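Participant: I would like the atomic coordinates for the input below:
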Amino acid sequence: MKAKLGMSPIAWWNDDLVELSDDVSLEECLRQSRSAGFTGMEKGRRFPDDPDVMLPILKAADVTLCGGWFSGTLVEEELAANKDRILPMIELFKAVNAPCIVYGEVGRSIQGKREIPLARKPKLSNDEMKAYGRKVTQFGEWCAEQGMPLSYHHHMAAVVETEPELDAFMAASGEGIPLLLDAGHLAFAGGDPLRAIDKHHGRINHVHVKDIRRSVVDGLDRTKQSFLDAVALGAFTVPGDGSLDFGAIVQRLADHGYEGWFVVEAEQDPKKNPPLKMAQVGHKELMRVMTAAGYTVETQGFPNG
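Facilitator: Model prediction:
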């Protein structure tokens, strides 16, 4: 089985918490990640939106674009508005040969609102979830028809956060909207990543290997502290530095035949946790557990590099 290892630039620059950003260039971010062994990088705010500008940067770094976040609003806005917003991203991702666009629902979400505690996250009724699932499936099918598949990201502080919510969403949606499995977000929400893999492996097309610090997560007062408070306190980290058993998680994905990207996404204070060091820790741990699970990790970065 083949696998590819990527990173998210959120370890270097945090879009929601400026204080958790390091003043490094895109080129330096890519250089550090590649030197640690990663061959892919998801899109961040310092990436150019012109493929003619982006491709030479990726080629020089010997890195491929392995995904990127789209802020979807389908829970409260029409398909047409989301189509208009995502179409330039689809064209860009096709031009640079990215595997998928990560769909993150921000409608009604409190993930970017530090003043709202975790306990006040939005919740959908059964009927709302069914309608939402159908709508997101339509959107996913349309994006695939344009030549770029989506990957749905369940997320803390959003309408699909907990394991029961993920199960309900998966039941309400269809094959047209694949799933991004994020072990860290699911564990933070009290879910079981292994059980989720068993139930939904047929739809998983992208994986985020985000770890958590259990002591930080368990120490939160969710009636007072927000998702961004948790991030600032160090709730997330890379595999090998946190509390999750990625040996078991990767093995379970291997058991179900998953092949594709494993992306380290670990937002934390770059001064306390230098991104290059964290990248090295995460890569070492992933190579250990992926080798044990029978994966062959691809070492080529840019396709023509």
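Participant: what ranges do the strands span in the stretch 151-300 of the chain?
Facilitator: If you assign secondary structure with DSSP state E, counting those that start in this stretch, the strands in the stretch 151-300 of the chain sit at 179-182, 204-208, 211-212, 236-237, 260-264, 296-297.
Participant: so what secondary structure elements neighbour the fifth one?
Facilitator: It refers to strand 260-264. Contacts of strand 260-264 with other secondary structure elements, assessed using 3 or more C-beta pairs under 8 Å, 6 or more residues apart in numbering; DSSP states H and E, are made with strand 2-7, strand 40-43, strand 64-72, strand 204-208, helix 275-292. C-beta coordinates here come from the backbone N, C-alpha and C atoms, glycine included.
Participant: what do you get for the fourth one?
Facilitator: Counting contacts by 3+ C-beta pairs under 8 Å, 6+ apart, the secondary-structure elements packed against strand 236-237 are strand 211-212.
Participant: Ok, the second one next?
Facilitator: Counting contacts by 3+ C-beta pairs under 8 Å, 6+ apart, strand 204-208 packs against strand 150-153, strand 179-182, helix 183-188, strand 260-264.
Participant: For Leu58, which of those is the nearest?
Facilitator: Each of the helices and strands packed on strand 204-208 was scored for nearness to Leu58 using C-beta to C-beta, and the closest is strand 260-264 (15.2 Å).
Participant: circling back: buried deepest among the helices and strands packed on strand 260-264, which one?
Facilitator: Mean neighbour count (mean count of other C-beta atoms under 10 Å) peaks for strand 40-43 among these, with a mean of 25.
Participant: List the strands paired with it, with their directions.
Facilitator: strand 2-7 (parallel), strand 64-72 (parallel) (DSSP bridges).
Participant: quick one: low-confidence parts of this structure?
Facilitator: Scanning the chain with the threshold set as pLDDT under 70 gives 304-305.
Participant: Of all the helix elements in the chain, which one is longest?
Facilitator: Within the chain, and with DSSP state H defining each element, the longest helix by residue count is helix 126-145.
Participant: Using PDB, write out every CA atom in that helix.
Facilitator: This file holds the C-alpha atoms of helix 126-145, laid out as PDB (Å, rounded to 0.1, in the frame of the first residue of the first chain):
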ATOM      1  CA  ASN A 126     -32.600  15.500  12.700                       C
ATOM      2  CA  ASP A 127     -34.500  17.200   9.900                       C
ATOM      3  CA  GLU A 128     -31.900  19.900   9.500                       C
ATOM      4  CA  MET A 129     -29.100  17.300   9.400                       C
ATOM      5  CA  LYS A 130     -30.900  15.300   6.700                       C
ATOM      6  CA  ALA A 131     -31.400  18.400   4.600                       C
ATOM      7  CA  TYR A 132     -27.800  19.500   5.200                       C
ATOM      8  CA  GLY A 133     -26.400  16.100   4.200                       C
ATOM      9  CA  ARG A 134     -28.400  16.100   0.900                       C
ATOM     10  CA  LYS A 135     -27.200  19.700   0.100                       C
ATOM     11  CA  VAL A 136     -23.500  19.000   0.800                       C
ATOM     12  CA  THR A 137     -23.800  15.800  -1.300                       C
ATOM     13  CA  GLN A 138     -25.100  17.900  -4.200                       C
ATOM     14  CA  PHE A 139     -22.300  20.300  -3.800                       C
ATOM     15  CA  GLY A 140     -19.700  17.500  -3.600                       C
ATOM     16  CA  GLU A 141     -21.100  15.900  -6.800                       C
ATOM     17  CA  TRP A 142     -21.000  19.300  -8.600                       C
ATOM     18  CA  CYS A 143     -17.300  19.900  -7.600                       C
ATOM     19  CA  ALA A 144     -16.300  16.400  -8.800                       C
ATOM     20  CA  GLU A 145     -18.000  17.100 -12.100                       C
END
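Participant: Show me what that helix packs onto, helices and strands only.
Facilitator: Using 3+ C-beta pairs under 8 Å, 6+ apart as the contact definition, the elements that helix 126-145 packs against are helix 79-95, strand 101-105, strand 150-153, helix 163-172.
Participant: gap between that helix and the chain center?
Facilitator: Its chain's average C-alpha position is 19 Å from that of helix 126-145, according to C-alpha atoms, centre = their mean, to the nearest Å.
Participant: What of stretch 244-254?
Facilitator: Here the centre of stretch 244-254 is set off from its chain's centre by 17 Å, with C-alpha atoms, centre = their mean.
Participant: Give me the most central residue, the protein.
Facilitator: Relative to the mean C-alpha position of the chain, the nearest C-alpha, by C-alpha atoms, centre = their mean, is the one of His208, at 4.8 Å.
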